[in-house]
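Engineer: A structural model of the following input is requested.
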Amino acid sequence: MSKSAAVVNFAPTKGSVEVRELDRPTIGPDDVLLEVANVGVCGSDLHQWTADHSWPVNYPVVLGHEFGGVITEVGASVTGWREGDRVVSETAAIIDQSNPMSRRGLYNLDPTRKGFGYGVDGAMTKYVRVPSRILHRVPDNLLFERACLTEPCCVAYNAVVRNARIEPGDRVVVLGPGTIGILCAAMARLCGAEVALVGLEADRQRLEIAKGYGCTAIIGDATEWALERDGLGCDGVIDAAGASVTLQIALKLVRPAGWISKVGWGPQPLGFNLDPLVQKNVTLQGSFSHNWPIWERVIAMLSSGQLDVGPIIGGVWPLEQWHEAFEKMHRGEVVKAVLRPA
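Structural biologist: Below is the predicted model:
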């Protein structure tokens, strides 16, 4: 059986990632074998590399859950797909089909769900086994190096469109100028909002990218911008930062009867008073992952050019140069690194 290079996270200690040669996966009757064209590096890949993640990992595991490629083999029970089809894949590799969340179409909220790159082997390799139920067709005009970023775009769509209530003319603050924060800001602009993206001095380069999406870039305190219209605060806050303390900032910035959509993970204890949430009558909404209809919407937006992910792509690296790509993202030199396994 042929072997392929793979970027493997092999232990729960810092730096436990290396390239290993692995056998080509064997597929089941409901699976396809995908030859990976491009795979995006996610912040969660970096967190597993630096061992400061807050989710269980099935070691050793191939990293990578933002990917697209071409079908090279089709399982015996698969219908509607054939070899040569250009596809991207969702992340919900394993779900319980009988779980009440799955039966509602909200399989992303199935507590037993396991995803690529931590629960099962991901796509930082040449071939990956994918259940056919989570495939989406990629139009010929959409390059794989952009199509592979469908997943983070879907995270942003869910946080901004499905789990917030933006109306044209709203003023919205986005906290955290990482990939998800920038995409949330771009998505909020598409919804018709005035948007400010907030970061630190070290985020200046990322904030410049957000200006290209029509956003106001703010380093440090966004209070003045939030209060500018009538002194009450902004209509909504999207918390896309990876720290719990930003929720306290969101509560200060949002107006009475406003909303907060929290999509950023922050494992630290809160350590502050939540009374402002009550006093202001604020809606606090968590947002996790995505499901099938969101993917279809986002692919349509990417292929039509309505949503352009080009500005956030800092480069495409061969798989063997994964460490350089990880380092550049970790140091903030690029927003999004993309790997090319072939």
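Engineer: hey, let's count contacts and neighbours off CA atoms from now on
Structural biologist: Fine.
Engineer: Tell me which stretches of the stretch 201-342 of the chain form strands.
Structural biologist: 216-219, 234-239, 254-262, 283-286, 313-318, 336-340 (DSSP state E, counting those that start in this stretch).
Engineer: Does anything pack onto the fifth one? Which helices or strands?
Structural biologist: Using 3 or more CA pairs under 8 Å, 6 or more residues apart in numbering; DSSP states H and E as the contact criterion, the neighbours of strand 313-318 among helices and strands are strand 336-340.
Engineer: what are the pairing partners of the strand it packs on, and which direction each?
Structural biologist: Applying DSSP bridges, strand 336-340 is found paired with strand 31-40 (antiparallel), strand 313-318 (parallel).
Engineer: Deepest in the core, which of those is it.
Structural biologist: Ranked by mean neighbour count, those are led by strand 31-40 with a mean of 27 (mean count of other CA atoms under 10 Å).
Engineer: relative to strand 336-340, how tilted is the helix or strand that that strand is followed by?
Structural biologist: Per DSSP states H and E, the first helix or strand lying C-terminal to strand 31-40 is helix 43-50. Helix 43-50 and strand 336-340 meet at an angle of 80 degrees, taking axes from the mean of the first three to the mean of the last three CA atoms, to 10 degrees as the criterion.
Engineer: for helix 43-50, which positions count as buried?
Structural biologist: Residues 43-46, 48-50 are the ones in helix 43-50 that count as buried (16 or more other CA atoms under 10 Å).
Engineer: Of these, just say which sits nearest to residue 123.
Structural biologist: Residue 123 lies nearest to residue 45 out of the buried residues of helix 43-50, by CA to CA, at 11.5 Å.
Engineer: Nearest residue to that closest one in space, please, no chain neighbours.
Structural biologist: Among residues not flanking residue 45 along the chain, residue 63 sits closest, at 6.5 Å (CA to CA, 6 or more residues apart in numbering).
Engineer: for residue 182, same thing?
Structural biologist: Nearest residue to residue 182, sequence neighbours excluded (CA to CA, 6+ apart): residue 210, at 6.0 Å.
Engineer: my read: that neighbour touches residue 184, true?
Structural biologist: No. When contacts are counted by CA atoms under 8 Å, residue 210 is not listed as touching residue 184 (10.1 Å).
Engineer: what residues are up against the residue nearest to residue 45?
Structural biologist: With contact set as CA atoms under 8 Å, 6 or more residues apart in numbering, residue 63 has these partners: 7-9, 45, 116-118, 121-124.
Engineer: Averaged pLDDT, stretch 57-68. What do you get?
Structural biologist: For stretch 57-68, the mean per-residue pLDDT is 98.
Engineer: I misspoke; the intended subject was stretch 161-174.
Structural biologist: Mean predicted confidence for stretch 161-174 is 98.
Engineer: Convert the C-alpha atoms of it to CSV, please.
Structural biologist: The C-alpha atoms that make up stretch 161-174 are tabulated as CSV, following Å, rounded to 0.1, in the frame of the first residue of the first chain:
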residue,chain,number,x,y,z
VAL,A,161,-26.1,35.8,10.0
ARG,A,162,-27.7,32.9,12.0
ASN,A,163,-26.7,33.8,15.5
ALA,A,164,-27.0,37.6,15.5
ARG,A,165,-29.7,40.0,14.3
ILE,A,166,-28.0,42.5,12.2
GLU,A,167,-30.1,45.1,10.3
PRO,A,168,-28.7,47.5,7.6
GLY,A,169,-27.5,50.6,9.4
ASP,A,170,-26.5,48.8,12.6
ARG,A,171,-23.2,49.6,14.2
VAL,A,172,-21.3,46.4,15.1
VAL,A,173,-18.0,45.9,16.9
VAL,A,174,-16.0,42.8,16.2
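Engineer: what sits up against that stretch?
Structural biologist: 160, 181, 184-185, 187-188, 191-198, 222, 226, 234-240, 259-261, 285-287.
Engineer: Just the buried ones from the residues you listed?
Structural biologist: 160, 181, 184-185, 187-188, 191, 193-198, 222, 226, 234-240, 259-261, 287.
Engineer: about what we covered before: burial measure for the residue nearest to residue 182, as a count.
Structural biologist: Close neighbours of residue 210, defined as other CA atoms under 10 Å, add up to 25.
Engineer: Contact partners for it?
Structural biologist: Applying CA under 8 Å, 6+ apart to residue 210 gives the contacts 182, 185-186, 197, 216-217.
Engineer: Most widely separated two among the residues you listed?
Structural biologist: Across these, the longest distance by CA to CA is 12.3 Å; it joins 186 and 217.
Engineer: Neighbour count: those two, which is higher?
Structural biologist: residue 186 (27 against 22).
Engineer: how near is that one to residue 195?
Structural biologist: 8 Å (CA to CA, to the nearest Å).
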